[in-house]
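J.: would you be able to build a 3D model of this:
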Amino acid sequence: MESINMLWTEKYRPTKLHQIIGQTNFTLDAQEWKAESNMPNVLIYGNSGNGKTTAGIVLAREILGDNFKDNFIEVNASDDRKLENVRTTIKQAAQSGTIGDVPFRICLLDELEGMTTDAQNALKRIMERYASNIRFIITCNDRNKIIFALQSRCANYHFKPLNNDDMMTVLQSILEQEKISHFKDEDLGGFIYSMQGDMRRAITELQAAKSSNTTLRKQVTISLEDYEKILNKIINKNTNVLGDIHELLYQGRTVKEICNGLHDVVINSEGLDSNVKFKLLRTIGESEWRSNTMTPKVLISWMMGQLL
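T.: A predicted model of the protein is given here:
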């Protein structure tokens with residue numbers, strides 16, 4: 001029996017290519033690769049929450065079929081960013097033979113911009129040497145942080161934020177399957193607008209609104225209350241704020257989500273001096289940029305050091 005506490009982002013994660021919405025160029029090409037049982041190396045880039053990792057896993061499942069588990073490896077490159085990890089984990093995967101009737105193994109390298117330049121160059125050599133044995137699916141937020149030698153060896157796909165109509169389709173489908181009818185379409189429209197194309201955040205907030213039996217409009221406000229409290233502590237130079245942000249990390253929020261939340265409350269804060277706003281926004285923006293090269297806890301400590 002399915003757990004009633006299952007996260008909707010997992011429950012309604014696409015498992016087939018036709019379920020991926022809003023990324024037509026990718027899905028059309030992927031359907032051809034599936035039919036041919038072949039594919040190039042692939043680079044998928046774009047903002048967080050747009051389904052890059054999910055699309056990579058779905059593609060691998062469609063190509064590998066029943067032999068998916070034996071021939072698929074997923075590596076978070078922001079964790080395994082060092083050259084030695086490329087030489088061991090990834091090279092070992094590339095050298096290993098296939099299991100079952102599949103054309104090659106597939107390795108998903110998630111958040112590759114966190115990998116050092118030397119490690120990326122080592123990956124390029126592995127990609128060339130073991131081309132007959134393995135294909136790579138690379139995801140990243142910022143393609144400019146991927147060396148050109150890797151970009152040029154991959155089919156590149158930009159995953160743009162979903163438009164409001166596509167988000168409406170997905171959320172209405174979820175509400176229908178969950179047998180929820182008390183959310184009004186006009187409220188859903190405003191809710192979607194506030195999500196700025198981030199499908200993962202929209203589904204998370206929708207589930208939170210349902211679980212707490214609150215309106216969508218109020219849920220958006222609630223989701224910003226944590227950031228308003230943090231902003232007040234920053235303004236008052238309260239060093240306890242570091243613990244508050246770490247708590248958000250423990251709850252599963254990413255650094256980018258935290259930066260976006262702080263950005264929104266700073267922009268909408270009417271009592272802040274314009275110079276103070278500028279300083280806060282500049283540091284928040286730089287923190288989001290640094291999030292691709294620093295671990296979350298270290299980055300949060302750096303950001304608070306700049307703001308306090």
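J.: show me where pLDDT drops low in this structure?
T.: 1-4, 78-83, 185-186, 222, 251-252, 292 (pLDDT under 70).
J.: tell me which stretches of it form strands.
T.: Taking DSSP state E, the strands of the chain run over residues 42-45, 72-76, 105-110, 134-140, 155-158.
J.: and of the ones you listed, who's closest to residue 248?
T.: Minimum separation from residue 248 across these (C-beta to C-beta) falls at strand 72-76, 19.9 Å. Where C-beta positions appear, they are placed from N, C-alpha and C, glycine not excepted.
J.: how far does that closest one sit from its chain's centre?
T.: From the chain centre to the centre of strand 72-76 is a distance of 15 Å (C-alpha atoms, centre = their mean, to the nearest Å).
J.: do the same with stretch 245-252
T.: 16 Å.
J.: with stretch 176-195 instead?
T.: 23 Å.
J.: got the buried residues for it?
T.: For stretch 176-195, a neighbour-count test (16 or more other C-beta atoms under 10 Å) marks 183, 187-188, 191-192, 194-195 as buried.
J.: returning to what we had before: mind giving me a markdown table with the strands of the chain and columns for mean neighbour count and distance to residue 236?
T.: Listed next are the strands of the chain as a markdown table, based on neighbours: other C-beta atoms under 10 Å; distance: least, C-beta to C-beta, whole Å:
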| stretch | mean neighbour count | distance to residue 236 |
| --- | --- | --- |
| strand 42-45 | 24 | 39 |
| strand 72-76 | 17 | 36 |
| strand 105-110 | 24 | 38 |
| strand 134-140 | 26 | 37 |
| strand 155-158 | 16 | 41 |
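J.: just the closest of the buried residues of stretch 176-195 to residue 263, please.
T.: Of the buried residues of stretch 176-195, the one sitting nearest to residue 263 (C-beta to C-beta) turns out to be residue 194, at 13.1 Å.
J.: isn't the closest one up against residue 219?
T.: No: under the criterion of C-beta atoms under 8 Å, residue 194 is not in contact with residue 219, lying 9.7 Å apart.
J.: can you list residues touching both of these two?
T.: Common neighbours of residue 194 and residue 219, counting by C-beta atoms under 8 Å, 6 or more residues apart in numbering, are absent.
J.: let me know the closest of the buried residues of stretch 176-195 to residue 123.
T.: Nearest to residue 123 out of those is residue 195 (C-beta to C-beta; 33.7 Å).
J.: name the nearest residue to the residue nearest the centre of the chain, sequence neighbours excluded.
T.: Central residue of the chain (C-alpha atoms, centre = their mean): residue 48, 3.7 Å from the mean position. Distance criterion C-beta to C-beta, 6 or more residues apart in numbering; nearest residue to residue 48, sequence neighbours excluded, is residue 256 at 5.0 Å.
J.: gap between the residue nearest to the centre of the chain and residue 199?
T.: Distance, residue 48 to residue 199, using C-beta to C-beta, to the nearest Å: 10 Å.
J.: need the overlap of contacts for these two.
T.: Counting by C-beta under 8 Å, 6+ apart, nothing touches both residue 48 and residue 199.
J.: what's near enough to touch the residue nearest to residue 48?
T.: Here residue 256 is in contact with 48, 141, 288, 291 (criterion: C-beta under 8 Å, 6+ apart).
J.: list the buried ones in the longest helix out of those in the chain?
T.: In the chain, taking DSSP state H as the definition, the longest helix is helix 216-235. Buried residues in helix 216-235, defined by neighbour count with 16+ other C-beta under 10 Å: 216, 219-220, 223-224, 226-228, 230-231, 233-235.
J.: including distance to residue 277, could these go into TSV?
T.: Listed next are the buried residues of helix 216-235 as TSV, based on distance: C-beta to C-beta, whole Å:
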residue	distance to residue 277
216	28
219	26
220	21
223	21
224	16
226	19
227	14
228	14
230	15
231	11
233	17
234	12
235	11
